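J.: Can you look at this prediction? I've put the sequence above it.
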Number of protein chains: 2
Amino acid sequence: MRVLMVEDEERLAETVRRGLSDAGFVVEVVHNGEDGLWAASEHNYDVIVLDIMLPRVNGYKVLEQLRERGVWTPVLMLTAKDGEYDQTDAFDLGADDYLTKPFSFLVLVARLRALIRRGGPERPVVLVAGDLTLDPARRRVERAGREVTLTPREYGLLEFLMRHRGDTVSKGEILESVWDPAFDGDPNVVEVYIRYLRLKLDAPFGRRAIETVRGMGYRLDPDGG
Amino acid sequence: MRVLMVEDEERLAETVRRGLSDAGFVVEVVHNGEDGLWAASEHNYDVIVLDIMLPRVNGYKVLEQLRERGVWTPVLMLTAKDGEYDQTDAFDLGADDYLTKPFSFLVLVARLRALIRRGGPERPVVLVAGDLTLDPARRRVERAGREVTLTPREYGLLEFLMRHRGDTVSKGEILESVWDPAFDGDPNVVEVYIRYLRLKLDAPFGRRAIETVRGMGYRLDPDGG
DNA sequence: CAGGTCGCTGAGAGGGCGCTGAGAGCGGTT
DNA sequence: AACCGCTCTCAGCGCCCTCTCAGCGACCTG
C-alpha cells in the first residue's frame, strides 16, 4: 500500500515514515505543498497524508487543486489544534479524515487502513463476443463460463481481435499491433497463433469464433461462433 | 435504525437510551459484556455502542470476540479519559470510532449516524479468499483457521494480492506498490517472496493459493486454491 | 484439369522466464 | 560481541513459450 506524506516538519515526517514502513506501507515523503501536488498528480497512491500548515502552497490549497484535477485519492489531513484552520474546513474541502496534532501513531495507522479499505477502485470494462469474455484488468479469458488459460502472445492476439470484433483485420495489422511494429520475421507466425487460439478456444467447445477471410485476414465473430 | 448499547452505569445508560429513542433510534440496552456478546451475535444491529469498562467480560474482549465470530456491525467505543485503555487500543481492535467520557450527546448521535451511513454497503473488514483470511486491522493472517506468521514484506505482498484477488498483477505493479516505487534492484525479489509465501501458505496445506501466470504476473485464486 | 497462391499443420530449435538454494548485508536483541 | 531474523542478490537449471520451417491441403484462375 502506497502512502504519500506531505509534511514539512522533517523530524515528524521521518518518524512517521519509519513507522509506516514498518507497518508494511510504502511511503514517499515531500516537504512542501508544491511537491505534494506534483507527486500526487503524477503517481498513484492509495492514500495521502496532508499537513495543513505547509510552506509555499498550504495543505488547504493542495487538496482543492487535487480534486480539481480529478485526483480522488483518499486524503487524511493533519491539523494543529490551535491553527487558524480547523476540522470543519478539512471536511468541507473534501478531506476524507483528519487528525489533530499531536496524534497517536497507532491511530494514524488504523485510520489510514480504514481509508484504503473504503476507497475501492472501479472495475474497467469487460470485452464480450457471444459466450467469449475477456477481462483486461484480470487478464482473464472465459468461454461458456469456463476459464481458458492463454500465453502472453495468445492473449495479446485475442485481445486485439476482440477489440476489433466484427472487423476483418489483416495479418499486417495484427503483426503491427500484437507483435513489434518493426517485426521482420515470417508472417506465418500469425497463422500459427491463430491456430493455437482455435485449439484452445474453439476445439473444446465445437464452435468457431475466429473466421478466416481468405486474402484479407481474420475476423472475430460478433456472436462468438 | 437499531442500536445495541452495552453500558453498566445504569443512569448513563438510561439517559442515553431515552435520547437515542427520541432521535428515532430503536435502542436495546444490556449491562455487561456477556449479554452484549450474546445480543450482538444473535440479532442484527446497525451499530453498537460499547463501553470499555464492563463487568464480567470487558468491552475490549467483547469486540475481539465479535470480530472473531464474523460479526462486523460498526462499533463505537466509549473510553474513560483516565482509563487504562485509550483510543489506540480501541482502533487496534477494530472499533470504527470512539468517544471519550464525558461526551456530548449530540456528538454521539452524529457519530452514530455517520457510522450507520458508512457501515451499510461497506466491504467487510477482513479480506477473504477461500480458507485464507487477512485482517488488516489486526495484521493477522489465517489459513484454514490456523494462524500464519508473516514478516512485514511477506505481509505487504499478501495484502496486495488479496486486495486484487482474482486479478493478474504484474511484477512491476507489485514492485511499485509493495516495494518502493523507485526500487531499482532485481525484480527477482518478487519471485523470491512469492516463494516464501507459498512455503508458508501453500505447502503446509497442500493447496496452491497463488498462481503463476507466465509472462504476465501472479494471481491470487479467489477460491483460495 | 493444371498450376499457382494462400492458409493450415506438425515438428523442432532456441531463448527467455520463473523457480530454487545459498549466502551476504544489516539492523535489532541478548 | 555474538546471534538472529529479515531482506535482497545471485547464479544455475529446467521448462514453457515463441518462432521458424517445410510439407500439405484448399481454393481460385485459366
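T.: Yep, it's here. The model shown is predicted, which means the values in this text are computed figures rather than measured ones.
J.: What segments of chain A are helices?
T.: Here chain A has its helices, by DSSP state H, at A:10-22, A:33-42, A:59-68, A:87-92, A:105-118, A:152-163, A:171-178, A:188-201.
J.: Report all helices and strands that the fifth one contacts.
T.: So the one you mean is helix A:105-118. Helices and strands touching helix A:105-118, by 3 or more Cβ pairs under 8 Å, 6 or more residues apart in numbering or on different chains; DSSP states H and E, are helix A:10-22, strand A:47-51, strand A:75-80, strand A:97-101, helix B:87-92. Where you see a C-beta, it was placed from the backbone N, CA and C, and this is true even at glycine.
J.: list the buried ones in it?
T.: A:106-117 (16 or more other Cβ atoms under 10 Å in any protein chain shown).
J.: my guess is A:I48 contacts A:S41, does it?
T.: No: using Cβ atoms under 8 Å, A:I48 is not in contact with A:S41; the gap is 11.1 Å.
J.: Of those two, give the one with the bigger neighbour count.
T.: More neighbours surround A:I48 than the other of A:I48 and A:S41, with 28 against 13 (other Cβ atoms under 10 Å in any protein chain shown).
J.: Tell me who's in contact with that one.
T.: A:3-6, A:36, A:40, A:66, A:73-76 (Cβ atoms under 8 Å, 6 or more residues apart in numbering or on different chains).
J.: One more: A:L220?
T.: A:129, A:161-162, A:164-166, A:209-211.
J.: so what's it closest to, chain neighbours aside?
T.: Sequence neighbours aside, A:L161 is the residue nearest to A:L220 in space, at 4.2 Å (criterion: Cβ to Cβ, 6 or more residues apart in numbering or on different chains).
J.: any residue of stretch A:62-74 up close to chain B?
T.: No: Stretch A:62-74 does not reach chain B (Cβ under 8 Å from any Cβ of the partner chain); its nearest approach is 13.1 Å.
J.: And for A:K61, the neighbour number?
T.: Using other Cβ under 10 Å, A:K61 has 14 neighbouring residues.
J.: Distance-wise, check the closest residue to it other than its chain neighbours relative to DNA strand D.
T.: Nearest residue to A:K61 in three dimensions, chain neighbours excluded: A:G33, at 6.6 Å (Cβ to Cβ, 6+ apart). To DNA strand D, A:G33 is 30 Å away according to Cβ to the nearest atom of the strand, to the nearest Å.
J.: quick check, stretch A:147-157 touching DNA strand C?
T.: No: using Cβ under 7 Å from any atom of the strand, stretch A:147-157 stays clear of DNA strand C, coming no nearer than 8.2 Å.
J.: which residues touch that stretch?
T.: Residues external to stretch A:147-157 that are found in contact with it (Cβ under 8 Å, 6+ apart): A:139-142, A:158, A:174, A:178, A:190, A:193-194, A:196-197, A:200-201, B:213-216.
J.: let's see it at 6 Å
T.: Under the criterion Cβ atoms under 6 Å, 6 or more residues apart in numbering or on different chains, residues A:141, A:178, A:193, A:196-197, A:200, B:215-216 lie in contact with stretch A:147-157.
J.: Near DNA strand D, which residues of chain A are found?
T.: So chain A meets DNA strand D at A:151-154, A:179, A:185-186, A:188-189, A:192-193, A:214 (Cβ under 7 Å from any atom of the strand).
J.: of those residues, buried ones?
T.: Among these, the ones that count as buried by 16+ other Cβ under 10 Å are A:153-154, A:179, A:189, A:193.
J.: right, and the pair among these with maximum separation?
T.: A:E154 and A:W179 (12.5 Å; Cβ to Cβ).
J.: for chain A, what helix or strand is lowest in average pLDDT?
T.: For chain A, the helix or strand with the lowest mean confidence is helix A:87-92, at a mean of 53 (criterion: mean pLDDT, DSSP states H and E).
J.: Quick one: name the residues of chain A near DNA strand C.
T.: Near DNA strand C, the residues belonging to chain A are A:171, A:188, A:191-192, A:194-195, A:198, A:212, A:214-217 when assessed by Cβ under 7 Å from any atom of the strand.
J.: was I right about A:G217 contacting A:D167?
T.: No: look at A:G217 against A:D167 with Cβ atoms under 6 Å: they stay out of range, at 9.2 Å.
J.: For these two, work out which one has more neighbours and name it.
T.: Counted by other Cβ under 10 Å, A:G217 and A:D167 do not tie: A:G217 has more neighbours, with 18 against 13.
J.: Stretch A:201-209: which residues count as buried?
T.: Neighbour counts over stretch A:201-209 (16+ other Cβ under 10 Å) mark A:201, A:205, A:207, A:209 as buried.
J.: so can I have a markdown table of these showing distance to A:V29?
T.: Below are the buried residues of stretch A:201-209 laid out as a markdown table (distance: Cβ to Cβ, whole Å):
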| residue | distance to A:V29 |
| --- | --- |
| A:L201 | 49 |
| A:F205 | 54 |
| A:R207 | 56 |
| A:A209 | 51 |
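J.: Using CSV, please lay out the residues you listed together with distance to B:N58 and pLDDT.
T.: Shown next, in CSV, are the buried residues of stretch A:201-209 (distance: Cβ to Cβ, whole Å; pLDDT from 0 to 100):
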residue, distance to B:N58, pLDDT
A:L201, 60, 91
A:F205, 60, 80
A:R207, 64, 79
A:A209, 63, 89
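J.: Of those, which is the nearest to DNA strand D?
T.: Nearest to DNA strand D, judged by Cβ to the nearest atom of the strand, of these is A:L201 at 14.3 Å.
J.: residue contacts, the closest one?
T.: Shown in contact with A:L201 (Cβ under 6 Å, 6+ apart): A:143, A:209.
J.: need the contact list for A:V47.
T.: Applying Cβ under 6 Å, 6+ apart to A:V47 gives the contacts A:3, A:74, A:112, A:115-116.
J.: Give me the distance between it and B:F160.
T.: In this view, A:V47 and B:F160 are 14 Å apart by Cβ to Cβ, to the nearest Å.
J.: what does A:R17 give?
T.: As judged by Cβ to Cβ, A:R17 and B:F160 stand 19 Å apart.
J.: between those two, who's got more neighbours?
T.: Neighbours per residue, other Cβ under 10 Å: of A:R17 and B:F160, the larger number sits with B:F160, 22 against 17.
J.: right, and that one touches B:S177 too?
T.: Yes: between B:F160 and B:S177 there is a contact under Cβ under 6 Å: 5.5 Å.
J.: So what's the residue count around A:M216?
T.: 11.
J.: Tell me where the model's unsure across chain A.
T.: A:70, A:81-94, A:102-106, A:117-125, A:224-225 (pLDDT under 70).
J.: so how many other residues sit close to A:L158?
T.: Residue neighbour count, defined by other Cβ under 10 Å, stands at 27 for A:L158.
J.: residue contacts, it?
T.: By Cβ under 6 Å, 6+ apart, the contact list for A:L158 reads A:L197.
J.: again with A:Y45
T.: The contact partners of A:Y45, by Cβ under 6 Å, 6+ apart, come to A:2, A:4, A:73.
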